[in-house]
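# I'd like to go over a predicted model; first the sequence, then the structure.
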Amino acid sequence: MKDSKNDDKDQKSNDEKNEGTSYLALGISLGISFGVALGIVFDNLAIGIGFGIAIGIAIGISVGTALDNKK
């Protein structure tokens with residue numbers, strides 16, 4: 001049987017990993033929305049969505065990293 005102290009440590013590390021993932025998902029979803037808008041404006045939806053995903057990933061990772069370092 002595992003020690004309850006180790007279980008608490010494992011749970012905390014899993015929570016920290018899941019927290020960073022949510023910023024990435026938020027960045028991707030906002031990036032896709034932004035990319036669709038750009039794609040419609042420039043009449044090229046595929047390039048707009050691709051550009052939006054790339055920007056969304058960059059923003060999501062940077063926000064997640066900044067907030068993790070702040071803790």
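Sure thing, it's come through.
# what about G39, neighbour count?
19 (other Cβ atoms under 10 Å). Every residue, glycine included, has its C-beta placed from N, CA and C.
# Just give the closest residue to it, not the sequence neighbours.
In space, and not counting its chain neighbours, G39 is closest to G48: 2.4 Å by Cβ to Cβ, 6 or more residues apart in numbering.
# Please identify the buried residues of the helix or strand where that neighbour lies?
Per DSSP states H and E, G48 falls inside helix 45-70. Across helix 45-70, burial judged by 16 or more other Cβ atoms under 10 Å covers G48, I49, F51, G52, I53, I55, G56, I59, G60, G64.
# Stretch 26-42 too?
G27, I28, G31, I32, F34, G35, L38, G39.
# just curious, which of those residues is nearest to K71?
For those, the minimum distance to K71 (Cβ to Cβ) is 18.7 Å, reached by G27.
# circling back: quick check, nearest of the buried residues of helix 45-70 to K70?
The closest of the buried residues of helix 45-70 to K70 turns out to be G64 (Cβ to Cβ; 10.8 Å).
# show me the contacts for the residue nearest to that closest one when sequence neighbours are not counted.
Computed as Cβ to Cβ, 6+ apart, the closest residue to G64 that is not its neighbour in sequence is Y23, at 3.4 Å. Going by Cβ atoms under 8 Å, 6 or more residues apart in numbering, Y23 touches G60, I61, V63, G64, L67.
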